[in-house]
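Chemist: Generate coordinates for the sequence data below:
(chains A, B, C and D)
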2 protein chains.
Amino acid sequence: MLLKVSTSTRLAELFSALSDSSRLRIISVLLDGEMNVSEIAAGLEMTESAVSHQLRGLRQMNLVRGRKEGRLVFYALDDDHVKKLYLMGLDHVKHG
Amino acid sequence: MLLKVSTSTRLAELFSALSDSSRLRIISVLLDGEMNVSEIAAGLEMTESAVSHQLRGLRQMNLVRGRKEGRLVFYALDDDHVKKLYLMGLDHVKHG
DNA sequence: TGAATACATGAGCAATTATTCATATATAAA
DNA sequence: TTTATATATGAATAATTGCTCATGTATTCA
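Modeler: Coordinates of the predicted model:
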């Protein structure tokens, strides 16, 4: 059934959050458990600034959440939907 | 587990195909069955050119396929993965 | 053949976006 | 307090993208 423009826009925003290589790699490491910004940056060979900018977008879409502990902020996937979408997409890419 | 850059790039391309309001609305009407370009354009209030450009992208990602019948080209969703990703995303947007 | 219709496509423009660089804020340690 | 560390963020820039407009190609009909 034809999507309303407003719904399609929100849905597009969700998929947009998953439409970048760097963000997907961030999600891929968070699938293994929470991790702080520096660790993520080191693992992905990105600057902390770039990672922080991307985490902001993922946060705004409620795909990840941050937990502050002293100077560190540990990020984790926010809900199971993300994981399902990610894994289903990966399945399509690998065997589709 | 950390995605390889090459895999994350392909996955990003898949989600990018779903990251636009117009393309999602095209997919939404194709969920009801195949439809030709002019009908899609009329239903979505887009030019045929714009629809054709978007269908090209969807075709290249193997998300839709076209079947030519005389002057008309009927498009349909290419596989069930698309439908699943779309519906799961929609669920997240509506109740997530 | 010639005109009309359906769709595809290239060029160009405006808008969006991912990154870098510089700087700000918060916490901890000296 | 001073210094260092971890993260966040604004501005600027380069690259990408969705659309329009013009045009090309295939098919049908007169």
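Chemist: Could you check the angle the lengthiest helix in chain A makes with helix B:80-95?
Modeler: As assigned by DSSP state H, the longest helix anywhere in chain A is helix A:80-95. On the basis of axes from the mean of the first three to the mean of the last three CA atoms, to 10 degrees, helix A:80-95 is oriented at 170 degrees to helix B:80-95.
Chemist: Quick check: which helices or strands does helix A:80-95 pack against?
Modeler: Judged by 3 or more CB pairs under 8 Å, 6 or more residues apart in numbering or on different chains; DSSP states H and E, helix A:80-95 is in contact with helix A:21-30, helix B:5-17, helix B:80-95. (Glycine included, C-beta is placed from N, CA and C.)
Chemist: same thing but at 7 Å, please
Modeler: helix B:5-17, helix B:80-95 (3 or more CB pairs under 7 Å, 6 or more residues apart in numbering or on different chains; DSSP states H and E).
Chemist: what residues does that helix touch?
Modeler: A:18, A:27, A:31, A:63, A:77, B:7, B:10-11, B:14-15, B:81, B:84-85, B:88-89, B:92, B:96 (CB atoms under 7 Å, 6 or more residues apart in numbering or on different chains).
Chemist: Among the residues you listed, the buried ones, what's the PyMOL command?
Modeler: PyMOL command restricting these to the buried ones, with burial defined by 16 or more other CB atoms under 10 Å in any protein chain shown:
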select buried, (chain A and resi 18+27+63+77) or (chain B and resi 7+10+11+14+15+81+84+85+88+89+92+96)
